[in-house]
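Q: Following is a predicted model, sequence given first.
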Amino acid sequence: MIGVDVLIIGAGQAAASCAARLRAEGFDGSIAVLGAEEAPPYQRPALSKAYLTGAIGRERLFLRPEAFYPDNGIDLRTGCRVTGIDPAARRVILADGGSLTWSRALVLATGSVPRRLPAAIGGDLAGVHVLRDLVDADGLSPALEAGRRVLVVGGGYVGLEAAAVCAKRGLAVTLIEATPRILQRVAAPETADYFRALHHGQGVDLREGVGLARLVGDAGRVVGAELTDGTTLPVDLVIAGIGITPDTALAEAAGVALDNGIAVDAECRTSIPGIWAAGDCASCLFEGQRIRLESVGNAVDMGEAVARNILGAGLAYGPKPWFWSDQFDVKLQIAGLNIGYDALHVRAGDRGARSHWYYRKGRLIAVDAMNDPRGYMTGKRLIESGVSPDAALLADPTTDLRALMRA
Ligand SMILES: Cc1cc2nc3c(=O)[nH]c(=O)nc-3n(C[C@H](O)[C@H](O)[C@H](O)COP(=O)(O)OP(=O)(O)OC[C@H]3O[C@@H](n4cnc5c(N)ncnc54)[C@H](O)[C@@H]3O)c2cc1C
């Protein structure tokens with residue numbers, strides 16, 4: 001049986017950041033990174049954006065050149081699924097029957113799994129897709145032929161981005177969202193209004209407050225959809241963008257405490273000594289609340305925080321949330337978290353730039369910036385430095401944003 005000092009399960013953003021940070025900090029022990037997917041660590045965001053439109057190729061997705069891992073003494077094993085963890089023996093069991101031990105730390109960076117439409121309503125028919133990994137994107141892309149009819153289920157960011165790509169590629173797109181509006185969970189009505197108008201303007205048939213009753217199949221392939229309002233639609237393919245769940249199965253079976261994901265303390269330790277967690281699969285503390293962030297920024301920062309803390313830094317991890325989304329010709333950039341906001345101020349900038357500023361009890365907590373990089377950068381700096389500009393000044397388009405830092 002082979003043993004390593006630090007063993008990382010998962011080979012995504014958080015895992016790659018953790019391994020690279022360990023080396024950058026001068027750690028010279030052995031590191032193994034075990035990933036179930038065949039591909040080396042890559043960036044997922046492009047899967048519903050530039051990769052799916054065809055604007056960028058596969059090689060642009062990879063986080064590091066192939067040689068980075070061997071050059072840095074990182075034993076990256078792809079196509080290697082871990083099926084069990086024995087914390088007492090400090091050992092993981094692999095799908096191929098092998099096993100590996102760790103001596104210093106085990107890092108859980110297993111990401112999340114996409115929710116799927118239930119088989120009972122036709123979710124297992126051919127032509128029904130999810131979009132989580134490269135295999136999903138490569139399976140979906142050839143089906144996006146101009147003129148075909150696609151139903152996108154779910155009006156969150158992944159659903160909206162997929163709808164935008166499909167429309168760009170010439171498909172007839174219907175998007176349904178079961179809750180009263182798109183982006184219900186993540187953004188203000190004003191931001192939802194902006195993106196609804198954008199999609200309508202590009203010909204997307206966007207329907208809110210309408211769920212999927214069932215998919216209709218013919219010879220095992222999806223051909224139609226019945227919606228909860230009684231409407232029926234002919235469809236050639238379906239993309240389900242109905243959210244994700246943190247991948248906690250291994251942790252749970254090993255007895256690691258869960259709370260909306262793998263619960264970690266301020267230093268990203270799980271409930272079992274020597275086992276850490278980072279990224280989508282982990283829930284951490286933010287302003288006294290336990291939250292889980294599904295973003296690249298969090299995966300990278302948390303992976304690096306785990307590396308530093310394994311080496312004894314003893315740093316409290318403080319998420320600095322940021323996110324982005326590309327839809328048609330709009331780049332949305334988000335800084336902060338809008339949880340519990342009680343006021344929203346809209347700022348219209350030059351050349352279609354627009355930003356939505358969220359306040360809670362007079363404190364600036366988040367900003368959504370549409371084609372407005374300056375608004376985003378200013379908002380991010382203000383939030384990080386705890387400065388909350390006067391709302392009237394902010395909403396005044398003649399106010400120079402740079403002056404707000406000094407206001
Ligand atoms: C289509 C799409 C678009 C997105 N767009 C954005 C965006 O615009 N901006 C943004 O900030 N974020 C975006 N995200 C989210 C972002 O990609 C994730 O938050 C980020 O990848 C999380 O990193 P992670 O390392 O925690 O998990 P992942 O990157 O998901 O990596 C986890 C890895 O662990 C592997 N694994 C799981 N279990 C095992 C096991 N038992 N054995 C071995 N390996 C295992 C998985 O196969 C996976 O490869 C998007 C995600 C998707 C899917």
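A: Structure's in. What do you need?

Q: Tell me how many other residues surround R374.
A: R374 has 15 neighbours, counted by other Cβ atoms under 10 Å. The way it works is simple: take the backbone N, C-alpha and C, and place the C-beta from them, glycine included.

Q: Oh, that last question was meant for R104, not what I typed.
A: 16.

Q: show me what contacts it?
A: Neighbour list for R104: D5, V6, G29, G274, I310 [criterion: Cβ atoms under 8 Å, 6 or more residues apart in numbering].

Q: how does it look with 7 Å?
A: D5, V6, G29, I310 (Cβ atoms under 7 Å, 6 or more residues apart in numbering).

Q: which strand in this structure runs the most residues?
A: If you go by DSSP state E, the chain has its longest strand at strand 99-108.

Q: and which of the contacts of R104 is nearest E37?
A: Set against E37, the nearest of those by Cβ to Cβ is V6 (20.3 Å).

Q: just checking, what packs against whichever strand or helix holds the closest one?
A: Assigned by DSSP states H and E, V6 falls within strand 2-9. Packing partners of strand 2-9 (3 or more Cβ pairs under 7 Å, 6 or more residues apart in numbering; DSSP states H and E): helix 13-24, strand 31-34, strand 99-108.

Q: of all these, which lies closest to Q202?
A: Going by Cβ to Cβ, the one of the helices and strands packed on strand 2-9 nearest Q202 is helix 13-24, 29.9 Å.

Q: residues of the closest one that come out buried?
A: Q13, A14, A15, A16, S17, C18, A19, A20, R21, L22, R23 (16 or more other Cβ atoms under 10 Å).

Q: about what we covered before: please tabulate the helices and strands packed on strand 2-9 in CSV, including the columns distance to D301.
A: Shown next, in CSV, are the helices and strands packed on strand 2-9 (distance: least, Cβ to Cβ, whole Å):
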stretch, distance to D301
helix 13-24, 8
strand 31-34, 18
strand 99-108, 14
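
Q: Now these in a markdown table, please, with extra columns for mean pLDDT.
A: Formatted as a markdown table, the helices and strands packed on strand 2-9 follow (pLDDT from 0 to 100):
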| stretch | mean pLDDT |
| --- | --- |
| helix 13-24 | 98 |
| strand 31-34 | 98 |
| strand 99-108 | 98 |
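
Q: Relative to S325, which of the ones you listed is closest?
A: Closest to S325 of these is helix 13-24 (Cβ to Cβ; 16.7 Å).

Q: Go ahead and measure how far stretch 178-189 is from the middle of the chain.
A: From the chain centre to the centre of stretch 178-189 is a distance of 17 Å (Cα atoms, centre = their mean, to the nearest Å).

Q: no no, stretch 270-278
A: 22 Å.

Q: same question, stretch 125-133
A: 17 Å.

Q: following the helix or strand where D138 lies, which helix or strand shows up next?
A: In this structure, D138 sits in helix 134-140 according to DSSP H and E. Remark: after helix 134-140, the chain's next helix or strand is strand 149-153, criterion DSSP H and E.

Q: quick one: contacts of that next one?
A: Contacts for strand 149-153 (Cβ under 7 Å, 6+ apart): 117, 159, 162-163, 166, 171-176, 212, 225, 233-242.

Q: Nearest to the ligand: which residue in the stretch 1-150 of the chain?
A: G12 (2.0 Å; Cβ to the nearest ligand atom).

Q: Count the residues that sit near that residue.
A: Neighbour tally, G12, other Cβ under 10 Å: 29.

Q: thinking it is in contact with G111, fair?
A: Yes. Counting by Cβ atoms under 7 Å, G12 does reach G111; the two are 5.1 Å apart.

Q: Overlap of the contact sets of the two?
A: By Cβ under 7 Å, 6+ apart, the residues touching both G12 and G111 are G279.

Q: residue contacts, the one residue in the stretch 201-350 of the chain that gets nearest to the ligand?
A: Nearest to the ligand in the stretch 201-350 of the chain, going by Cβ to the nearest ligand atom, is G279, at a distance of 2.2 Å. Contact partners of G279, counting by Cβ under 7 Å, 6+ apart, are G12, Q13, A14, A109, G111, N298, A299, M302, G303.

Q: Out of these, the closest to R363 would be?
A: Closest to R363, out of all of those and judged by Cβ to Cβ, is N298, at 21.2 Å.

Q: mind checking how far the closest residue to A146 other than its chain neighbours is from the ligand?
A: Spatial nearest neighbour of A146, chain neighbours left out: G170 (3.0 Å); criterion: Cβ to Cβ, 6 or more residues apart in numbering. Per Cβ to the nearest ligand atom, to the nearest Å, G170 is found 21 Å from the ligand.

Q: Was I right to think G170 contacts L144?
A: No. Contact between G170 and L144 fails when scored by Cβ under 7 Å: they sit 8.5 Å apart.

Q: Show me where the stretch 151-300 of the chain has its helices.
A: 157-168, 189-201, 249-253, 296-310 (DSSP state H, counting those that start in this stretch).

Q: Mind putting those into TSV with mean pLDDT?
A: As requested, those are arranged in TSV below (pLDDT from 0 to 100):
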stretch	mean pLDDT
helix 157-168	98
helix 189-201	98
helix 249-253	98
helix 296-310	98
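
Q: ok, back up a step: just checking the strand holding V6 against the ligand, any contact.
A: Yes. Using Cβ under 6 Å from any ligand atom, strand 2-9 reaches the ligand at I9.

Q: again, but for stretch 48-68
A: Yes. Stretch 48-68 comes into contact with the ligand (Cβ under 6 Å from any ligand atom), by way of S48.

Q: in that stretch, what's buried?
A: Buried residues in stretch 48-68 (16+ other Cβ under 10 Å): S48, K49, A50, Y51, L52, T53, L61, L63, R64, F68.

Q: how about those, which pair is most distant?
A: T53 and F68 (27.3 Å).

Q: Apart from its neighbours in sequence, what residue is nearest F27?
A: F27 sits nearest to L311 (Cβ to Cβ, 6+ apart), 6.0 Å away.

Q: can you count the residues close to that neighbour?
A: Neighbour count of L311, defined by other Cβ under 10 Å: 17.

Q: For the helix or strand where A366 lies, which helices and strands make contact with it?
A: Secondary structure from DSSP H and E places A366 in strand 363-370. Strand 363-370 is packed against strand 330-336, strand 354-360, helix 373-384, with contacts defined by 3+ Cβ pairs under 7 Å, 6+ apart.
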